[in-house]
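> I'd like to go over a predicted model; first the sequence, then the structure.
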Amino acid sequence: ETGVTQSPTHLIKTRGQQVTLRCSSQSGHNTVSWYQQALGQGPQFIFQYYREEENGRGNFPPRFSGLQFPNYSSELNVNALELDDSALYLCASSHINSPLHFGNGTRLTVT
Amino acid sequence: DAKTTQPPSMDCAEGRAANLPCNHSTISGNEYVYWYRQIHSQGPQYIIHGLKNNETNEMASLIITEDRKSSTLILPHATLRDTAVYYCIVRASYNNNDMRFGAGTRLTVKP
């Protein structure tokens, strides 16, 4: 059984740029969620996708957007990067209403 | 959603049981108690969840008080690899997005 994989593992961007992070869900899972984890804090929910549509969103501005593809892989896009966007971005997949399975994240640094 | 309260840190001797408490005094009748842990540089890992009955799996046991206002996660024989941040989360199972991670308990297992 293949787990949740994320790419890239590390990324450095400049303020104002745009970034795309990618996630491959665990086999058989039909939902994908994205979380942001700042240093020393717990993960914060960004949004969830189910059947290629957004199925819930946390307190993040519209410049955070996402996509889920028919093969249940997913992207997180962040426009107009700010210094405070520096964080670990975590992807999690699951069956609907089942526990989340997380990847090991992408470490984004905005300079 | 019910808020949870956990001690910021705990120590445990290797081979002994680790008992991690969580208070959730405002929990609703349809809300489950979930436990995840996060080992350094990895994504959170699902451990166990329960509604009102005690639960046990290959990783841990979950003891929920009769009034459901608190719970305890038990690692029966802690090893050095159990050193991690442990998160207690309360969430209605029909809505598994927006899992609200607090600061968690940093468990250090010592030789």
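Sure thing, it's come through.
> ok so residue A:84 is a helix residue?
Yes. Under DSSP: H, G, I helix; E, B strand; the rest coil, residue A:84 sits within a helix.
> Next to chain B, which bits of chain A? Give me the list.
Contact residues (Cβ under 8 Å from any Cβ of the partner chain) of chain A with chain B: A:4, A:31, A:33, A:35, A:41-45, A:47-48, A:55-56, A:58, A:90, A:92, A:94, A:96-105. In this view, the C-beta of every residue, glycine as well, is placed from N, C-alpha and C.
> Next, find the distance separating residue A:108 from residue B:83.
26 Å (Cβ to Cβ, to the nearest Å).
> picking that back up, go ahead and build a PyMOL selection from the buried members of the residues of chain A next to chain B.
Remark: buried members of these, expressed as a PyMOL selection using 16 or more other Cβ atoms under 10 Å in any protein chain shown:
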select buried, chain A and resi 4+31+33+35+42+43+44+45+47+48+55+56+58+90+92+94+99+100+101+102+103+104+105
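> Of the residues of chain A next to chain B, which belong to helices?
Among these, no member falls in helices (DSSP state H).
> quick one: which of the residues of chain A next to chain B sit in strands?
With strands taken from DSSP state E, the overlap with those comprises A:31, A:33, A:35, A:44-45, A:47-48, A:55-56, A:90, A:92, A:94, A:101-102.
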